[in-house]
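Participant: Give me a model of this one.
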Amino acid sequence: MNSHHLLGAALLGAAALTPVAVAGVPQQPEDGPFRRVSTFSVFENTSIDQDAVAEIVSATPDGNTLVYTDSANHHVGFVDITDVSDPVADGIVALPGEPTSVAVHGDYALVAVNTSADFVNVSGDLVVVEISTRTIVRTIALGGQPDAVAISPDGQYAAIAIENERDEDLGDGEPPQLPAGFVVIVDLVGAPAAWTTRNVDLVGVPDLFPNDPEPEFVDINAANYCVVTMQENNHLAIIRLSDGAIVEDFSAGYVDLVQIDTNENDRIQLDSFLPQVPREPDAVTWTSLDSFVTADEGDLYGGSRGFTSFFARGFPIHLPGASVEHQAVRVGHYPESRSENKGNEPEGAEYGDFGGLGKYLFIGSERSSVVFVYELLGDEWTDAAAPQYRQTLPTGLGPEGLLAIPARNLFVVASEEDSRDDKFRSSISIYTLDGTSNYPTIVSVDDEDGAPTPWSALSGLAADADQPGIVYAVHDSYYKGSRVYRIDTNQSPALLSEELVLNDGNGALRGALETIAATFPDADDFDVDAFFNEDGSLNLDLEGVANQNNGSFWLVSEGAGNLENGVSDPNDRPFESPNLLLGVDANGLIRRVAYFRPALLGNQLRFGFEGVTTYDGHVYVCVQRRWADAGDPADMARIARLNISNGSWQFAYYPLDAATSAAGGWVGLSEITHVGGGRMIVVERDNQGGADAAVKRLYSFDADDLTWKGHAQTPNMDVAVKTLVRDILVEGDFDATGGVVPEKLEGFCVLPNGDALLVNDNDGVDDNSGETQLLNLGDILD
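Facilitator: Reported below is the predicted structural model:
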């Protein structure tokens, strides 16, 4: 029996959860009118085994067919969205090089194709594809490496940014690097065979690198003026397309950023200040004849982490400050791993006038994988000067192409990142303007300084039995400073209103860890000090939470690394931390630490403690997969229970379903919840997502039907008899989200009214779109 401070649950404290953040309301309501209705996986146009990319997307005039660029496979793809709830793969057209952009003009798709041999010997074409026949009807040499393409609203002109991008690995990666870029104007008069081109020289226009303008993005207003961004130069220019004259050019300017995170320390801390940051805009979109908006992604030195509304004469008329960054934090999409770079990196900008339903601005965040939606109210000047935030839309990983289709009240996003092995696929998301938002599912309150409470990577869930609709969640080891969150699900989206930061003021945790370290002296990668921060907070891998009616909690922290007979192999996931069961009082103080006896702990295999619940004087813990103890069957996980009064452990086996995904992988447990009597519900899942997901199920078993055995009696343990409660995939529980099934279903609980809640872990927005779905499955228990 290895348990420190053997206190009963009744001694764990009785005070209420102490808020660290000041309870309040979100800075902006989430009542936006757009709803995601479907997601098209780009591999559907090729093969699930093949990498595929959707980067830029356009649509036919009737809005029924999407055309997208696939740079990975050198083709354009087509998607039939006649039924927006069921997009259908509609073929591809091979291209002579890498497509960088596409825009539809009448019956034709105009595709910019990079055919450059290298960064010096540049070339490219405008490939004209007849959409009805899926054939190339003309190829126009452009004289350089193209990037963006835009078509004028009246169909008279196309503008193409010939970037001639620099080699970022050459020297310090900075401009100037010749040849210089320029803009091509295409006069779209008559049939494609009659189209002609004119070049607009940009050399000498920007101030920073006048010989290397590197035009990035173009857009054309209804008066046939083209705005072009020169990102690395932090500069913009306006071209009159009728004669190719540059009528305005100006610096994009600089911003002071406050309340942002600039430290990649595995904690989201909005306490930094950056002065005079160049905007370095990427995408740009006209919002009226006299105003446009830039997405200030940044490149060489800057990035405002937001967007800017400009008057066409060159001065900014709306500065959102850190509000875009804060909104990413508020909805759990902030990419902490990009804090020392450009934060959420707004890259895309699109505008759509939906008539009587509103005029909307869309800002795509490349690193947060969301689109921020703003409504433009009033006259043209007011529109640009005061866009009103309306909602945040979830996307695939790395949104790149944004497209408004007002004729069908649709909005579309192409997300380019694709890696089957990493459980994310390139996709096209489709949203309808119908007034019924279905995301986000959780937002956080602001603190007394007006900054949102950070959260993400939710890995466990528990319901408060005495406060209807109140649940508690924890985050895993992606973040330091372990804490418990209080979430009010009585409203939509649910409100994350308080956080409880854990501490080891009595030394219970340190004492337990030092004992374990002394037990396994050869585990060189096990560093006790790594669990503790200077501010008194802790670094644990919390994977489960069970709250008690006196305000205290039981938590589990999953171990990291392997041990075999007490020995850690430095070449095979060395032992870094043990699996721990923690008793925590209402003030976050750890009062009790329990762990397996050395003979069992000494054979730890990663995939350890994943969920926790309580019943009849015991704390129950589910182990995700097979424990490495000699004799444990490969298809069995362990359910462990701690006797609260005497600290002894007992065990039973839980039989795991077979892994049946075409992508392979494994199946394990990720949550356990007591629902009455001896009945337990577990979440059983595979490690696959999207089309490869095969096992996402809720099972029940009765703890009272098992003969529980101590360690000395293993491996001859009783086996739980499980009963299927719900097959998440068969029931289509994620269908209403319009998205794909996430890999990690990590938290489950049942509210006092019988409603079952399920939540996924978004991996801290790292190789993950960051989407958190808190689903109410209704009353699913018999």
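
Participant: what sits against residue 772?
Facilitator: 331, 332, 440, 441, 442, 456, 458, 759, 760, 762 (Cβ atoms under 8 Å, 6 or more residues apart in numbering). For glycine as for every other residue, the C-beta is placed from the backbone atoms N, C-alpha and C.

Participant: any idea how far it is from residue 496?
Facilitator: Distance of residue 772 to residue 496, computed by Cβ to Cβ, to the nearest Å: 10 Å.

Participant: wait, which of the contacts of residue 772 is closest to residue 529?
Facilitator: residue 456 (25.3 Å; Cβ to Cβ).

Participant: Tell me how far that closest one lies from residue 412.
Facilitator: Computed as Cβ to Cβ, the residue 456 to residue 412 distance reads 26 Å.

Participant: Quick one: low-confidence residue ranges for this protein.
Facilitator: For the chain, the stretches flagged by pLDDT under 70 are 1-31, 379-385, 629-630, 712-715.

Participant: try it again with 50
Facilitator: Filtered on pLDDT under 50, the chain yields the residue ranges 1-29.

Participant: Summarise which helices and strands the longest helix anywhere in it is packed against.
Facilitator: The helix that spans the most residues within the chain, counting by DSSP state H, is helix 508-519. Helix 508-519 sits against strand 2-4, strand 580-584, strand 590-595, helix 598-601, with contacts defined as 3 or more Cβ pairs under 8 Å, 6 or more residues apart in numbering; DSSP states H and E.

Participant: Could you list the buried residues of the last one?
Facilitator: Read that as helix 598-601. 600, 601 (16 or more other Cβ atoms under 10 Å).

Participant: cool, stretch 522-531 as well?
Facilitator: Of all the residues in stretch 522-531, those buried under the rule 16+ other Cβ under 10 Å are 523, 526, 531.

Participant: if we can go back for a sec, how about the helices and strands packed on helix 508-519, which one is nearest residue 698?
Facilitator: strand 580-584 (23.1 Å).

Participant: how far off strand 580-584 does the next helix or strand after the longest helix of the chain point, in degrees?
Facilitator: Next helix or strand after helix 508-519 toward the C-terminus (DSSP states H and E): strand 542-547. Angle between the axes of strand 542-547 and strand 580-584 is 40 degrees (criterion: axes from the mean of the first three to the mean of the last three Cα atoms, to 10 degrees).

Participant: Mutual contacts of residue 772 and residue 496, please.
Facilitator: Going by Cβ under 8 Å, 6+ apart, residues that sit against residue 772 and also against residue 496 are residue 442.

Participant: What sits closest to residue 32 if chain neighbours are left out?
Facilitator: With sequence-adjacent residues excluded and distances taken as Cβ to Cβ, 6 or more residues apart in numbering, residue 32 is closest to residue 391, at 2.3 Å.

Participant: Who are the packing partners of whichever strand or helix holds the one you found?
Facilitator: Per DSSP H and E: residue 391 is located in strand 388-394. Counting by 3+ Cβ pairs under 8 Å, 6+ apart, the packing neighbours recorded for strand 388-394 are strand 34-41, helix 323-330, strand 370-375, strand 427-433.

Participant: Reformat these as a markdown table; add distance to residue 199 and mean neighbour count.
Facilitator: Output for these, formatted as a markdown table (distance: least, Cβ to Cβ, whole Å; neighbours: other Cβ atoms under 10 Å):
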| stretch | distance to residue 199 | mean neighbour count |
| --- | --- | --- |
| strand 34-41 | 37 | 22 |
| helix 323-330 | 36 | 26 |
| strand 370-375 | 34 | 25 |
| strand 427-433 | 33 | 25 |
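
Participant: Figure out which of these is closest to residue 487.
Facilitator: Short answer: helix 323-330, nearest of the helices and strands packed on strand 388-394 by Cβ to Cβ, at 13.5 Å.

Participant: and the next element down the chain from that closest one?
Facilitator: Taking DSSP H and E, what comes next after helix 323-330 is strand 346-353.

Participant: partner strands of that following strand, parallel or antiparallel?
Facilitator: Partners of strand 346-353 in the sheet, by DSSP bridges, are strand 359-365 (antiparallel).

Participant: can you pull the alpha-carbon coordinates of the strand it pairs with into CSV?
Facilitator: C-alpha atoms of strand 359-365 as CSV (Å, rounded to 0.1, in the frame of the first residue of the first chain):
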residue,chain,number,x,y,z
LYS,A,359,-23.1,42.0,-45.0
TYR,A,360,-20.4,39.8,-43.5
LEU,A,361,-16.6,39.9,-43.2
PHE,A,362,-14.8,36.6,-42.7
ILE,A,363,-11.2,36.4,-41.2
GLY,A,364,-9.5,33.0,-41.4
SER,A,365,-7.0,32.0,-38.8
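
Participant: So which residues make contact with it?
Facilitator: So strand 359-365 is in contact with 283, 285, 287, 293, 295, 306-307, 324, 328, 333, 344-354, 370-377, 383, 387, 390, 395, 399-400, 402, 404, 411, 413, going by Cβ under 8 Å, 6+ apart.

Participant: how far does that strand sit from the chain's center?
Facilitator: Centroid separation for strand 359-365 versus its chain: 18 Å, with Cα atoms, centre = their mean, to the nearest Å.

Participant: from here on, count from 380
Facilitator: Sure, I'll start numbering at 380, so the last one becomes strand 738-744.

Participant: and it with strand 806-812, angle?
Facilitator: Going by the same axes, to 10 degrees, strand 738-744 is angled at 150 degrees with respect to strand 806-812.

Participant: In strand 738-744, which residues are buried?
Facilitator: Buried-residue list, strand 738-744, by 16+ other Cβ under 10 Å: 738, 739, 740, 741, 742, 743, 744.

Participant: who's the first one bridged to?
Facilitator: Yep, that's residue 738 we're talking about. The partner residues for residue 738, given DSSP bridges, come to residue 732.

Participant: name the helices or strands packed onto the longest strand along the chain?
Facilitator: Within the chain, and with DSSP state E defining each element, the longest strand by residue count is strand 1046-1055. In terms of contacts (3+ Cβ pairs under 8 Å, 6+ apart), strand 1046-1055 is packed against strand 837-842, strand 921-926, strand 988-994, strand 997-1002, strand 1015-1022, strand 1058-1065, strand 1124-1129.

Participant: Which of these sits closest to residue 627?
Facilitator: Short answer: strand 837-842, nearest of these by Cβ to Cβ, at 47.9 Å.

Participant: hmm, back to that, now the angle between strand 959-963 and the longest helix of the chain, please.
Facilitator: Here the directions of helix 887-898 and strand 959-963 differ by 160 degrees (the same axes, to 10 degrees).

Participant: Provide the contact partners of helix 887-898 at residue level.
Facilitator: With contacts defined as Cβ under 8 Å, 6+ apart, helix 887-898 is touched by 381, 383-384, 883, 902, 905, 907, 910-911, 917, 945, 957, 959, 961, 969-972, 974, 977, 980-981.

Participant: Look up phi and psi at the closest residue to residue 552 other than its chain neighbours.
Facilitator: Once flanking residues are discounted, residue 552 sits nearest to residue 545: 6.9 Å by Cβ to Cβ, 6+ apart. Phi and psi for residue 545, reported as degrees, to the nearest 10, are phi -80, psi 160.
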